[in-house]
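Engineer: Sequence and computational prediction follow.
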Amino acid sequence: MTELFINGVWRAGRNGAAIPVENPATGETIGSVAKAEPDDVDAAIGAATVAFQRWREKSAYHRYGIMREAANLLRERQAEIARQITVEQGKPIAEALSEVAVTADVIDWNAEEGRRAYGRIIPGRTEDTRQLVLKEPVGVVAAFSPWNFPIQTAAMKVAAAIAAGCAVVLKAAEETPGAPAAMVQAFADAGLPAGVLNLVFGEPAQISERIIADQRVRKLSFTGSTIVGRHLAALAGRHLKRLTMELGGHAPAIVFADANWEAAAEILSSKKYRNAGQVCGSPTRILVQKQIFERFADRFTQHSAGIRVGDGMHPDTLMGPLANSRRIASMEDLIEDATNQGAELRLGGKRIGNRGFFFEPSIVSVR
């Protein structure tokens, strides 16, 4: 079982409850993750509040050293962490290995930026006045990270906060707990003081409302759906809490007749099916100039049809399963809605088998 990490200690939730974790390639339960209760969340916030007072006093160079060590530990443990990502999230092992590598780079980059958090000297209105702007850590940060990039997105929030001298309560996704836990362990092994980084899992609504309402938490960072983002923004607004949000994307691509449309078809096909399309920046619709529409659509369909779908642990797999059964239902609804409104189904449109959450690469088109 993946446990909570509070004040430097791995432990179960207060009531010992756990949430099952599935392998989306098989649909089978492969483990569990501890479920935090309100008292556990309070303990994590309390630990972060105390640790912040000490951590903020450490020099940027001191924080830099710990972060660089954590990044190097992730690189050493890359293969093990990548496997954990694949069995819990489903993406091909090559993509999982890349995610861990990028995560280490993100931590390195923020460590360097922490040494360059310069202030400013502003000319005063009078000759005997000098005005200084100094950057100070905001305090305890609550970070909410999603399942589609379970370690990379978490690191983007955690590394920036730690480099600035803040303490963090990270609420990671229950579907993919292993990789965030591995990142937290790397920071702990690198010498990060207890309480600076805490990790909780549990009922998202219960945890978010508890954290946002707590006055000890000064900043909120969330990556997820627009619907949930609106709800959290409303909660944060009641408490005038700072927040940063990365919400759902709806990315268009445009291909004109004078472009290299052959190359565009292959590039867009590769990007579209990365992580089974479960990427906020994944192309959702492609607008093609009519002179090349059919040729582009044929090339795009041909390339997409060649994508090998399967268990992400197989080295030849190019696209793994969707994250869960809800995504299967969502895909079926989207395709049915499009075809009912006159779109042509050019490729796919169906679930693959009945084991795991695999879905065919699918294309619908409208002239």
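Structural biologist: Received it, and whenever you're ready, just let me know what you need. Source: prediction; values computed, not measured.
Engineer: measure residue 85 to residue 331 for me?
Structural biologist: Distance check for residue 85 against residue 331: by Cβ to Cβ, to the nearest Å, it reads 22 Å. Every C-beta, even on glycine, is put in place using the N, C-alpha and C of the backbone.
Engineer: more neighbours, these two?
Structural biologist: Neighbours per residue (other Cβ atoms under 10 Å) separate residue 85 from residue 331, with residue 85 holding more: 25 against 21.
Engineer: dump the residue contacts of residue 180.
Structural biologist: With contacts defined as Cβ atoms under 8 Å, 6 or more residues apart in numbering, residue 180 is in contact with 145, 150, 151, 154, 170, 172, 173, 199.
Engineer: which of those residues are buried?
Structural biologist: Buried members of the contacts of residue 180, scored by 16 or more other Cβ atoms under 10 Å, are 145, 150, 151, 154, 170, 172, 173, 199.
Engineer: need the residues you listed in TSV with pLDDT, can you?
Structural biologist: Formatted as TSV, these follow (pLDDT from 0 to 100):
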residue	pLDDT
145	97
150	97
151	98
154	98
170	98
172	98
173	97
199	98
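Engineer: Out of the residues you listed, the closest to residue 219 would be?
Structural biologist: residue 170 (12.7 Å; Cβ to Cβ).
Engineer: mind checking the SS state of the closest one?
Structural biologist: For residue 170, the assignment made with DSSP: H, G, I helix; E, B strand; the rest coil gives strand.
Engineer: State the distance from it to residue 91.
Structural biologist: Using Cβ to Cβ, residue 170 is found at 21 Å from residue 91.
Engineer: Let's see which of the contacts of residue 180 end up in strands.
Structural biologist: 170, 199 (DSSP state E).
Engineer: Dump the contacts of residue 180 to JSON lines, plus distance to residue 98.
Structural biologist: Below are these laid out as JSON lines (distance: Cβ to Cβ, whole Å):
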{"residue": "145", "distance to residue 98": "18"}
{"residue": "150", "distance to residue 98": "13"}
{"residue": "151", "distance to residue 98": "11"}
{"residue": "154", "distance to residue 98": "16"}
{"residue": "170", "distance to residue 98": "22"}
{"residue": "172", "distance to residue 98": "19"}
{"residue": "173", "distance to residue 98": "19"}
{"residue": "199", "distance to residue 98": "23"}
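Engineer: Mind jotting down where the helices sit in this structure?
Structural biologist: Counting by DSSP state H, the chain has these helices, from start to end: 38-55, 60-76, 78-89, 93-114, 152-164, 178-189, 204-213, 226-238, 261-272, 293-305, 325-340.
Engineer: Tell me which of the ones you listed lies nearest to residue 358.
Structural biologist: With Cβ to Cβ, the closest approach to residue 358 among the helices of the chain belongs to helix 325-340: 8.6 Å.
Engineer: For the closest one, give the mean pLDDT please.
Structural biologist: Across helix 325-340, pLDDT averages out at 94.
Engineer: Please list the outside residues in contact with it.
Structural biologist: So helix 325-340 is in contact with 27, 278, 322, 345, 349, 351, 357, 359, 362, 364, 366, going by Cβ under 8 Å, 6+ apart.
Engineer: same check, this time on stretch 241-260
Structural biologist: 138, 153, 212, 217-226, 229, 232-233, 236, 261, 264-265, 268, 279-289, 291-292, 296.
Engineer: and residue 235, how many residues sit next to it?
Structural biologist: Residues within reach of residue 235, counting by other Cβ under 10 Å, total 17.
Engineer: That should have said residue 128, apologies.
Structural biologist: Residue 128 is flanked by 5 other residues according to other Cβ under 10 Å.
Engineer: Give me the neighbour count for residue 211.
Structural biologist: 25.
Engineer: that older thread, determine which of the helices of the chain approaches residue 312 most closely.
Structural biologist: Closest approach to residue 312 among the helices of the chain is made by helix 78-89 (4.2 Å; Cβ to Cβ).
Engineer: other SSEs contacting the closest one?
Structural biologist: For helix 78-89, the contact count by 3 or more Cβ pairs under 8 Å, 6 or more residues apart in numbering; DSSP states H and E identifies strand 18-23, helix 93-114, helix 178-189 as packing neighbours.
Engineer: Need the winner for burial among these.
Structural biologist: When you average the neighbours per residue for each of the helices and strands packed on helix 78-89 (mean count of other Cβ atoms under 10 Å), helix 178-189 leads with a mean of 24.
Engineer: Distance from the chain centre to that one, please.
Structural biologist: Centroid separation for helix 178-189 versus its chain: 15 Å, with Cα atoms, centre = their mean, to the nearest Å.
Engineer: Quick check: the closest residue to residue 194 other than its chain neighbours vs residue 150, distance?
Structural biologist: Leaving out its chain neighbours, the residue that sits closest to residue 194 by Cβ to Cβ, 6 or more residues apart in numbering is residue 8, at 2.7 Å. Using Cβ to Cβ, residue 8 is found at 22 Å from residue 150.
Engineer: How far does stretch 10-25 stretch from one end to the other?
Structural biologist: 28 Å (Cα to Cα, to the nearest Å).
Engineer: Residue ranges in the protein under the pLDDT threshold?
Structural biologist: Of all residues in the chain, none has pLDDT under 70.
Engineer: If we use 90, what do you get?
Structural biologist: 117, 119, 123-125, 127-130, 225, 248-251, 270, 280-284, 367 (pLDDT under 90).
Engineer: Could you break it into its assigned domains?
Structural biologist: Domain segmentation of the chain under automatic domain parsing yields 4-246, 251-365.
Engineer: Quick check: which of those domains is buried the most?
Structural biologist: With neighbours taken as mean count of other Cβ under 10 Å, the domains of the chain reach their highest mean count in domain 4-246, at a mean of 19.
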